[in-house]
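J.: Fold the following for me, if possible:
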Amino acid sequence: MPAVSKGDGMRGLAVFISDIRNCKSKEAEIKRINKELANIRSKFKGDKALDGYSKKKYVCKLLFIFLLGHDIDFGHMEAVNLLSSNKYTEKQIGYLFISVLVNSNSELIRLINNAIKNDLASRNPTFMCLALHCIANVGSREMGEAFAADIPRILVAGDSMDSVKQSAALCLLRLYKASPDLVPMGEWTARVVHLLNDQHMGVVTAAVSLITCLCKKNPDDFKTCISLAVSRLSRIVSSASTDLQDYTYYFVPAPWLSVKLLRLLQCYPPPEDAAVKGRLVECLETVLNKAQEPPKSKKVQHSNAKNAILFETISLIIHYDSEPNLLVRACNQLGQFLQHRETNLRYLALESMCTLASSEFSHEAVKTHIDTVINALKTERDVSVRQRAADLLYAMCDRSNAKQIVSEMLRYLETADYAIREEIVLKVAILAEKYAVDYSWYVDTILNLIRIAGDYVSEEVWYRVLQIVTNRDDVQGYAAKTVFEALQAPACHENMVKVGGYILGEFGNLIAGDPRSSPPVQFSLLHSKFHLCSVATRALLLSTYIKFINLFPETKATIQGVLRAGSQLRNADVELQQRAVEYLTLSSVASTDVLATVLEEMPPFPERESSILAKLKRKKGPGAGSALDDGRRDPSSNDINGGVEPTPSTVSTPSPSADLLGLRAAPPPAAPQAPSGAGNLLVDVFSDGPAAQPSLGPTAEEAFLSELEPPAPESPMALLADPAPAADPGPEDISPPIPEADELLNKFVCKNNGVLFENQLLQIGVKSEFRQNLGRMYLFYGNKTSIQFQNFLPTVVHPGDLQTQLAVQTKRVAAQVDGGAQVQQVLNIECLRDFLTPPLLSVRFRYGGAPQSLTLKLPVTVNKFFQPTEMAAQDFFQRWKQLSLPQQEAQKIFKANHPMDAEVTKAKLLGFGSALLDNVDPNPENFVGAGIIQTKALQVGCLLRLEPNAQAQMYRLTLRTSKEPVSRHLCELLAQQF
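T.: Purely as a prediction, here's the structure:
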């Protein structure tokens, strides 16, 4: 940049600014400004032509006055005239004035465009940069139309200076964000990508920002940037701080560029090229290793730069979700930040670990930090950090630690900030329901929740506990006893009265034999709360009273007296008055049989999606669904919490594994003749929605092979009844699977949930659950662009004889998917007999008028219908010998493709579907498993043994089943996971 001469000091401007600062009042300032404006106006209109210096000085004064908040309505033409000056300082002030004061719709834009065009053609790098900065600052559509074609040419020109390339890249980025349709995509695209190899780090930094933005709309055009970005990142990460001296920030080489490159890589799935992927993994490992090194400086700037790269690296590892070793290391690294003295680092660590907890590979590693997270929940001063700690506890919860986490969250709830209490209440309710080891603990937890934070317990929460109590015969007596005891507290929350009124009205007879809870005592206890409650609660209690007359005839006279009281029959609230009149008449006129029929016990509720989970999603806002629906398969749950259950139909008592979690939550319990006041509470509370979490029930004892009972006859029909089958095109009508289809399929062999496919247009997520020979899969199609998908048509195809082996029924989805929106498709699956090839998923749509098509392999493999089976050592070896025919065994010896970690191996085997048997193999390093593949036609028993050799980095896998093809196929599937 040219040096500024002494004459450019503009003494008159300095004096004017000094006068303004010395003004004692606002009036004095306005008077001085008006005087200066008059002087400047006279100079501009005078007969004497002003030289460049004077114009620059007066334009600067106008600019300063504008920045003080005063309107400027003249001087624009003088600023435009400055653009034609050959002096840098005069041209700079002209561009500055235009960038700040000229409206994008100004009549002067055409003159300004001509001046900019001249500067861009001048080949003077300083003038070119000023012009590019002005285009970016104004950013009007007219400027975009005028220069959108020239700027890419300047950017990729071989003779452009580095500073010009930088400015051109950032200018093009600004225009693209303002008007994407104006930026041409053509021959220069590939040349922009190759700017990542530029020698000048500033050019590379600007180019990465531009490419990151462009590739979100046109991913395929910029796909070649992956290898170049990995190469550049590798050079930066492996360099010493002295190698990039001009771009080293407090001993950290090029931190901003490193962060931008890592964000660019997050726009794409993992590299397909093995060499590129290996180099990237090496880079990520290097960053994690450097994070463990002692800091080279005690300055906060050094730690900030170093941690920025580290957290972006962890974000990329989480995005890929394909490297178990890196995921575990990332979790351990974040664990070190949980007790860091810097609040921001603790917050970021908790936030990142919430995402890691949803990965099947790192969930166990996250759980090891539970004590630290609980301590953060108790002791953190910052409410936002405490909220992230609560989120992490929710994400890491499973059957093994549910009681501890729920207990700690309840304890924290007593002192929690009011802003987050409702969210914590919802999370406690969901966790208590999802991981309840028995229903009495669940009832205790919810009643405790109402006691501690009754004002924040929404209707969905207490509705849900009433549904579960109603649907479970074995918990009704306990619930009645517990709620009766809770109502005896002097200060009792109104929500507790509602729960108590409903439960005692339905099941109070179960505790009426105890003199301490006799019918008169129950009625007196409830009626003592009557006058303290709202109208809706009083209406519910009146319904309880009429139920009491049916359950306990001895209370009839007392209750009729209450109903006959003037305060009820003449109540100002029409709903209460109507109830009192109708219930009094009903109890007086109806016979005992009629009364028993009208007031019989509420039937079990049908199961739908949990309204509690839906409410939490709404509270967390858009995009939270994936975090809440991480859908991890809990290995310790033996698939009881993860199975699909038939919907209760004509039976009076639901299945033992009926949905306690509340994925398919029932409508709220309504009192007889629901009033308009109380009834309004129930409107739209239990709307249908996408399934979120699997159901819960007591673990069923399963015997091996011949001792296993087949599924109940109504189960398949209950599971497969609701969806209507969609048209299933033949294999000849679809394109062949994409090259990486097998690799994507292998990712889901040992897990049920995750991202199946992602490019810059579309993301396909999978969430599935299987039980016996039945399965239900939810496919989530997300439009990652801002443009609507037209003619959107996903279909499932059965290649070969798969139609006779696997039944798949689908629900159609909307033909249009709006930009940024997500649609869900439900697939109900029934395994008819063992199969070797998965079904295909064909997705077709139109994007921007262009047809798009892709075919994937649906992650439905035969091991999904594995039912784990526990066996003693003696039973295992006896069955192992029975399966001794050569064709019944498949064995494979192979080299480990991933680090040999025992915990990761155990997680994969559990995810594969088998039960891991302890103390069976003489060698404790070996893994032994057993299970049954459930099909409609038959059940195939399976035993497996995995022998790792850490020294040789080899595995030997042996599988024995009663069917030869199944043995070979399972062996191939499982071997690819290690």
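
J.: CA atoms of stretch 414-422 as PDB?
T.: Provided in PDB are the C-alpha atoms of stretch 414-422 (Å, rounded to 0.1, in the frame of the first residue of the first chain):
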ATOM      1  CA  GLU A 414     -34.700 -28.700  43.900                       C
ATOM      2  CA  THR A 415     -32.200 -25.900  43.300                       C
ATOM      3  CA  ALA A 416     -32.200 -25.700  39.500                       C
ATOM      4  CA  ASP A 417     -32.600 -22.400  37.700                       C
ATOM      5  CA  TYR A 418     -36.200 -21.600  36.900                       C
ATOM      6  CA  ALA A 419     -35.400 -21.200  33.200                       C
ATOM      7  CA  ILE A 420     -34.400 -24.900  32.800                       C
ATOM      8  CA  ARG A 421     -36.600 -26.600  35.300                       C
ATOM      9  CA  GLU A 422     -39.300 -27.600  32.800                       C
END
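
J.: Identify each buried residue in that stretch, please.
T.: Neighbour-count burial for stretch 414-422 flags 416, 420, 421, 422 (criterion: 16 or more other Cβ atoms under 10 Å). For glycine as for every other residue, the C-beta is placed from the backbone atoms N, C-alpha and C.

J.: One more: stretch 896-904?
T.: By 16+ other Cβ under 10 Å, the buried positions in stretch 896-904 come out as 900, 901, 904.

J.: Check stretch 917-928 too.
T.: The neighbour-count check on stretch 917-928 (16+ other Cβ under 10 Å) flags 917, 920, 921, 927, 928 as buried.

J.: Please apply the same query to stretch 257-269.
T.: The neighbour-count check on stretch 257-269 (16+ other Cβ under 10 Å) flags 257, 258, 259, 260, 261, 262, 263, 264, 265, 267, 268, 269 as buried.

J.: which SS class is the second one?
T.: Read that as residue 258. helix (DSSP: H, G, I helix; E, B strand; the rest coil).

J.: ok, it to residue 809 distance?
T.: 49 Å (Cβ to Cβ, to the nearest Å).

J.: Now do the helices in the stretch 1-150 of the chain.
T.: Using DSSP state H, counting those that start in this stretch, the helices of the stretch 1-150 of the chain run over residues 11-21, 26-45, 52-67, 76-82, 88-101, 109-121, 125-138, 141-147, 150-156.

J.: right, and residue 577 touches residue 567 too?
T.: No: counting by Cβ atoms under 8 Å, residue 577 does not reach residue 567; the two are 10.0 Å apart.

J.: Identify the residues contacting residue 401.
T.: Counting by Cβ atoms under 8 Å, 6 or more residues apart in numbering, residue 401 touches 367, 370.

J.: ditto for residue 235
T.: Residues in contact with residue 235 (Cβ under 8 Å, 6+ apart): none are found.

J.: What helix or strand is it located in?
T.: helix 225-238 (DSSP states H and E).

J.: Pull out the buried residues from that helix.
T.: 225, 226, 227, 228, 229, 230, 231, 232, 233, 234, 236, 237.

J.: and the second one, what is it in contact with?
T.: Taking Cβ under 8 Å, 6+ apart as the definition of contact, the neighbours of residue 226 are 265, 268, 271, 276.

J.: which stretches of the stretch 151-300 of the chain form helices?
T.: All helices of the stretch 151-300 of the chain, identified by DSSP H, counting those that start in this stretch, fall at 162-178, 188-193, 201-214, 225-238, 255-265, 274-292, 300-320.

J.: ok, and what's touching the fifth one?
T.: Residues external to helix 255-265 that are found in contact with it (Cβ under 8 Å, 6+ apart): 201, 204-205, 208-209, 211-212, 215, 225-226, 229-230, 232-233, 236-237, 247, 249, 280, 305-306, 308-309, 312-313, 315-316.

J.: Noted, bye for now.
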